[in-house]
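[1] pasting a predicted model and its sequence here:
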Amino acid sequence: MSYFVRHAQVLLSSLGQLARAPGSTLMTVCAIGITLALPTLLYLLVENVENVSRNWQGRAQVSVFLKLDATTQQAQNLERELAQRAEVESSQLITAQQALEEFRAQSGFGVALDILSDNPLPASILLHLNSDYNQPSAIEGLIAEINSRPEVDLAQWDMAWIKRLHVILKLVERSVALLAVLLVLAVVIIISNTIRLAIMNRRDEIEIMKLIGATERFIRRPFLYGGVLQGLLGALCAGAIVSVCVRLLRDPIAELVMLYHGDFTTSGIDLRAFAALLVAGAALGWLAARAAVGRYLSKIEPK
Amino acid sequence: MIRFAQVSKRYESGHDALKNVSFHLDKQEMVFLIGRSGAGKSTLLKLITRVESATRGQLIVNERNITRLTRRQVPYLRREIGVVFQDHKLLHDRTVFDNVALPLVVAGVGHRETSRRVRAALDKVDLLGKERLYPIMLSGGEQQRVGIARAVVNRPPILLADEPTGNLDPELSDEIMDIFHQFYQFGVTVLIATHEHRHIDRLNKRVLELEQGRLVRGGDEQAEP
Ligand SMILES: Nc1ncnc2c1ncn2[C@@H]1O[C@H](COP(=O)(O)OP(=O)(O)OP(=O)(O)O)[C@@H](O)[C@H]1O
Ligand SMILES: [Mg+2]
C-alpha cells in the first residue's frame, strides 16, 4: 500500500474521530478560534492605523520662516533649492510682501498696518512633502538641515503629533506581539490537553495496538493528524470571527474617516493573511499534538 | 524456535518471579505451561513478547537473540508472535472484522490482502458469518475465537496463549484447545499456559511445569550456576 494512501486513511479516520464527538470538537475548535482571532484582530488594527497615519503623512507640510532681514532674492533662491529636493513634492514661496497683503485682507487691520514703517511679517516657504518620505525620522532630518541655514529663522513640521502616534503604534505593536505569544501558548495548551485526553481515553486500545506490534510512529500518527485538524479548524473559525468583526466595524470606521476628510477603507483579512492563519493553526496543532504524544504515549505500555 | 538459557526475572518489587529457567521449544511443537497460581507462567510468556524484560539470562525467539532489544525493535518481534489472552483484549468499538484485521493494518498490509486473510482466519475459527458484529454481541467462547483469529491472521510462526480457556465451560474449552491443536498441525509453534490438566491428558503433549519461579519439569538440563 502506498505511503500516501495510508496517510489519507489515517487522516480520514482522524476526521471521523473528531466527527464522532461533535460537541467537544466544536467547543475546542471555538476556543481555538477565539484565541487565534484576538491577535489577528489586533494585528489588523495596527495595520489599519498605520495605513491611516501613512495617508496623513502624505499630506504633511513643513513651514520654513525666514529671518526678517532675509532678502526676497534669498527667499527665492532657497525656495528653488528646496523644490529640487527629492523629499519635496511641491513648494510655495510667500514673500514678506504677500504675507502682509494676505494679512491685511484677512484681518481687517489694513489702516493700522499702514502706520508701521517696516513689514513685521517674514517671508515663508511652504513645503508639501513627498509621501515616500513619511518616516518621522526622515522628516526630522530634513527640518534640522533647513534650520541650520543662516537665512532661516524657523522650520517646523506641523504634524509633530504623528511622531507621537508612531511611538504609540510601536508600543501597541509590541504589546500585540507579546499578547500573540501568550495566546499562541494558550492554543498549544488547549490542543495538547485535548490530545492528552484522547490518549487517555484510548489507553486500552493503545496497549492492544502495542501488543500486536504497532510501532510508536503508527500509534502516534492519528493523534498528530488530530492536532493538525483541530488547529486548522480553529484557524478557519478564527478567520470567520475576524471577517464578521471587520464587517461590523467597517461602516462606523468609514463614517469616522469621512469626518476627517480621509480617503481610507478598512482593510480586512486578505488571502495571504488568511493562508498564514491556516498555516499557523496547523503548525500549532502539530506542535501541541507532538508535545502531548511525546509526554503521554510512551508511558502507556502493555502489562 | 524459543530458547531460554538461565533466565531470571526479578520485578521491581524485589519478587523473583522466574529463577534460572532454561528450556527450548522446537519448530512446530505444542507445549503446555502449567503451575500453581503465582508460579510465574504469565511472566514467562511476557518475556517472550518483551512486555517484560529478563533480569538475567539469554532469550532466543525465532532465531533472534532478544535479550537486548531497543524500543524500536520490539514491535517487529511482536509481529512474529501471535498472542491469545484470557480476557481477549478486543476493541469493543470495532467490528469483529476490524479487530481481526488490526495486526495487518498495523503492519501496513494492503486492503485486498487484508480482507482475504481476515476471512481466512475467521473461517479457521468458524466465525465467518459474524464479521460485521461487535465483540459485545458475541458469547465468551466466540470472543475468544475472535482473539485467536487476530493472533494468527498474519501467520506468525509462534502462538502463545495465557489461560485461553479460563472462563469457559469444559465443552467450549475443548473446542478452543482443538483450534490451537489445528494450528500446531499447520506448523505453528504453540505454547499455552493453563490450569486445566485435562487438556494435557487429552492431547498428550509435552509439559513445562513451574513451581515458585523454578522450572521443575520439561526444562533443559543445566548445571546450577
Ligand atoms: N508487575 C509485577 N510486579 C511485581 N510482581 C509481579 C508483577 N507481576 C507478577 N508479579 C508476581 O510474580 C509472581 C508470578 O506472577 P505470574 O503472573 O507470572 O504468575 P502466574 O503463574 O501467571 O499466576 P496465575 O496462574 O495466577 O496467572 C507472582 O507472585 C506475582 O505476584
Ligand atoms: Mg497468569
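    Sure, I can see it. Ligands and ions are numbered 1, 2, ... in the order given.
[2] switch to C-alpha atoms for all contacts and neighbour counts from now on
    Will do.
[3] show me which residues of chain B sit near ligand 1.
    Within chain B, the positions adjacent to ligand 1 are B:11, B:13, B:15, B:17, B:36-43 by C-alpha under 6 Å from any ligand atom.
[4] show the buried residues in those residues.
    Buried members of those, scored by 16 or more other C-alpha atoms under 10 Å in any protein chain shown, are B:17, B:39-43.
[5] scan chain A for its longest helix.
    Counting by DSSP state H, the longest helix found in chain A is helix A:216-259.
[6] ok, the residue nearest in space to the middle of chain B - contacts?
    Chain B has B:Leu160 as the residue nearest its centroid, 1.4 Å off, counting by C-alpha atoms, centre = their mean. Counting by C-alpha atoms under 8 Å, 6 or more residues apart in numbering or on different chains, B:Leu160 touches B:45, B:81-84, B:190-192.
[7] can you point out the buried residues in the helix or strand bottoming out on mean pLDDT in chain B?
    Counting by mean pLDDT, DSSP states H and E, chain B has its least confident helix or strand at helix B:197-203, which shows a mean of 88. Residues of helix B:197-203 classed as buried under the neighbour-count rule (16+ other C-alpha under 10 Å) are B:199-200.
[8] show residues contacting that helix.
    So helix B:197-203 is in contact with B:32, B:174, B:177, B:207, going by C-alpha under 8 Å, 6+ apart.
[9] just flag the most distant two among these.
    Greatest spatial distance among these (C-alpha to C-alpha): B:Asp174 and B:Val207, at 17.5 Å.
[10] just put the residues of chain B next to ligand 1 in CSV and tack on secondary structure and pLDDT.
    Shown next, in CSV, are the residues of chain B next to ligand 1 (DSSP: H, G, I helix; E, B strand; the rest coil; pLDDT from 0 to 100):
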residue, secondary structure, pLDDT
B:Tyr11, coil, 95
B:Ser13, coil, 95
B:His15, coil, 94
B:Ala17, strand, 95
B:Arg36, coil, 93
B:Ser37, coil, 92
B:Gly38, coil, 93
B:Ala39, coil, 94
B:Gly40, coil, 95
B:Lys41, helix, 96
B:Ser42, helix, 95
B:Thr43, helix, 96
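[11] could these go into a markdown table alongside distance to B:Pro75?
    Shown next, in a markdown table, are the residues of chain B next to ligand 1 (distance: C-alpha to C-alpha, whole Å):
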| residue | distance to B:Pro75 |
| --- | --- |
| B:Tyr11 | 22 |
| B:Ser13 | 26 |
| B:His15 | 27 |
| B:Ala17 | 24 |
| B:Arg36 | 31 |
| B:Ser37 | 29 |
| B:Gly38 | 27 |
| B:Ala39 | 27 |
| B:Gly40 | 24 |
| B:Lys41 | 22 |
| B:Ser42 | 19 |
| B:Thr43 | 19 |
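[12] now for those residues, which pair is the farthest apart?
    Maximum distance among the residues of chain B next to ligand 1 (C-alpha to C-alpha): 20.4 Å, for B:Ser13 and B:Arg36.
[13] in which helix or strand does the residue in chain B that chain A sits nearest to reside?
    Of all residues in chain B, B:Pro75 sits closest to chain A, at 4.0 Å by C-alpha to the nearest C-alpha. Assigned by DSSP states H and E, B:Pro75 falls within helix B:74-78.
[14] which parts of that helix are buried?
    Those would be B:74-75, B:77-78, for helix B:74-78 by 16+ other C-alpha under 10 Å.
[15] then that helix to PDB, C-alphas only?
    Provided in PDB are the C-alpha atoms of helix B:74-78 (Å, rounded to 0.1, in the frame of the first residue of the first chain):
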ATOM      1  CA  VAL B  74      10.100  -4.600  19.900                       C
ATOM      2  CA  PRO B  75       7.100  -4.100  17.500                       C
ATOM      3  CA  TYR B  76       8.800  -6.200  14.900                       C
ATOM      4  CA  LEU B  77       9.400  -9.000  17.400                       C
ATOM      5  CA  ARG B  78       5.700  -8.900  18.400                       C
END
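[16] B:Arg214: how many residues sit nearby?
    20 (other C-alpha atoms under 10 Å in any protein chain shown).
[17] try the one 5 residues further on
    Using other C-alpha under 10 Å, B:Gly219 has 19 neighbouring residues.
[18] contacting residues around it?
    B:21-24, B:208.
[19] look at it and give its secondary structure.
    Following DSSP: H, G, I helix; E, B strand; the rest coil, B:Gly219 is assigned to coil.
[20] report pLDDT for it.
    If you check B:Gly219, the pLDDT there is 84.
[21] closest to B:Ala151 out of the residues of chain B next to ligand 1?
    Closest to B:Ala151, out of all of those and judged by C-alpha to C-alpha, is B:Ser42, at 17.0 Å.
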